[in-house]
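Engineer: Show me the folded form of this:
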Amino acid sequence: MLDNPQATKDALVQWIKDYFSQNGPNCSAVVGISGGKDSTIVAALCKEALGVERVVGVLMPNGIQSDIDDAKAVVNHLGIPRIIVNIESAYEALTNAIIQGEGYETVIGRADLSRDAVINTPPRLRMTTLYAIGQNLQNGARVANTCNGSEDYVGYSTKYGDSAGDFSPLANLVVEEVRQIGRLLDIPKYLVDKTPSDGLSGQSDEAKLGFTYAVLDRYIRTGEIDDLETKKRIDHLNRINKHKLELMPSFYPQR
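Structural biologist: Model prediction:
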């Protein structure tokens, strides 16, 4: 893990400052606030880098969100401007439009959405919401990606959902390193150690993945792992999800 978390935290803050100086000197950072550690830490880093008035926290429940109070606690503690957008009506409207689409049942062979589509559509609507809000801010905005390196490694994100964004402070930090950074920031400590959950499937991240982040972090950083079956699963997830991190392949014709 990080030998000098303070130095890394300071470098992260400077990296955010440098990014905005080059890509939008007057822009705000728009951060989707879930109530989990990653979005909390990203918001706190952006506040330190840009100042409280240039960070907008957006809460996006889909109907009732069980931990919405955690998300509200983040923006209240940081003192950043907040917007709450409940995406439930948009989600229901889009879902109904899809399943009622002409030819849907004939082509798909079912009259509803698959479980994967049910889980992944809300994050894509949330990213759409973040960009729409950013484009309505007076000085424009850049949208923060809040995924960490452990999640990215095994594809634990939604393509064009939470895996999207304009800048990604945590992409090269594993979960425990993110927590090391979080412990240095002025944020509620219980959120730093909160059990990670996608808020979509009803399971914790680790229950859904089938291994702990501690095991994954160690494997990513050292290549060491004790259980061969877990290694196979991690390697498989990394291999099949690389498309989420790579640029879209494009064809270059010969001239």
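Engineer: For the spatially closest residue to Asp70 that is not a sequence neighbour, the count of nearby residues, please.
Structural biologist: Leaving aside its sequence neighbours, Asp70 sits nearest to Gly35 (C-beta to C-beta, 6 or more residues apart in numbering; 3.3 Å). Placement of C-beta: from N, CA and C, glycine included. The number of residues packed around Gly35, counting by other C-beta atoms under 10 Å, is 23.
Engineer: Pro169 now?
Structural biologist: 26.
Engineer: That one: what's it in contact with?
Structural biologist: Leu12, Trp15, Ile16, Val42, Leu45, Cys46, Ala144, Asn145 (C-beta atoms under 8 Å, 6 or more residues apart in numbering).
Engineer: Also Phe167?
Structural biologist: Ile16, Tyr19, Asn23, Arg142, Ala144, Asn145.
Engineer: all strands of the protein, in order?
Structural biologist: For the chain, the strands defined by DSSP state E occupy 28-32, 55-59, 82-84, 141-143.
Engineer: For those strands, could you give me TSV that also reports mean pLDDT and mean neighbour count?
Structural biologist: As requested, the strands of the chain are arranged in TSV below (pLDDT from 0 to 100; neighbours: other C-beta atoms under 10 Å):
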stretch	mean pLDDT	mean neighbour count
strand 28-32	98	27
strand 55-59	98	24
strand 82-84	98	16
strand 141-143	98	21
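Engineer: Relative to Ala111, tell me which of those wins on proximity.
Structural biologist: Among these, the nearest to Ala111 by C-beta to C-beta is strand 28-32 (31.4 Å).
Engineer: any residues touching that closest one, and which ones?
Structural biologist: By C-beta under 8 Å, 6+ apart, strand 28-32 touches 16, 20, 39, 42-43, 46, 50, 53-60, 126-127, 129-130, 133-134, 137, 139-144, 146, 162.
Engineer: Quick check: Arg218 vs Asp227, distance?
Structural biologist: The spacing between Arg218 and Asp227, counted by C-beta to C-beta, to the nearest Å, is 12 Å.
Engineer: Between these two, which has more neighbouring residues?
Structural biologist: Arg218 (17 against 11).
Engineer: for that one, what are its contacts?
Structural biologist: Glu224, Ile225.
Engineer: so what pLDDT did it get?
Structural biologist: Arg218 is assigned 98 on the pLDDT scale.
Engineer: Helices of the stretch 151-255 of the chain, residue ranges please.
Structural biologist: 175-182, 189-192, 205-209, 213-222, 228-240 (DSSP state H, counting those that start in this stretch).
Engineer: likewise the stretch 1-150 of the chain?
Structural biologist: 5-23, 37-50, 68-78, 88-99, 104-108, 115-136, 149-153.
Engineer: Point out the most buried one among those helices.
Structural biologist: helix 37-50 (a mean of 25; mean count of other C-beta atoms under 10 Å).
Engineer: any idea of the mean pLDDT in that helix?
Structural biologist: The model assigns helix 37-50 a mean pLDDT of 98.
Engineer: residues in contact with that helix?
Structural biologist: Residues contacting helix 37-50 (C-beta under 8 Å, 6+ apart): 9, 12-14, 16-17, 20, 28-29, 31-33, 54-55, 57, 74-75, 78, 80, 144, 146-148, 169-170, 178-179, 181-182, 185-188, 191-194, 196.
Engineer: now do stretch 183-194
Structural biologist: Here stretch 183-194 has contacts from 5-6, 9, 35-37, 40-41, 44-45, 48, 70, 73-74, 77-78, 179, 182, using C-beta under 8 Å, 6+ apart.
Engineer: Name the residues of it that are buried.
Structural biologist: Leu185, Ile187, Pro188, Leu191, Val192 (16 or more other C-beta atoms under 10 Å).
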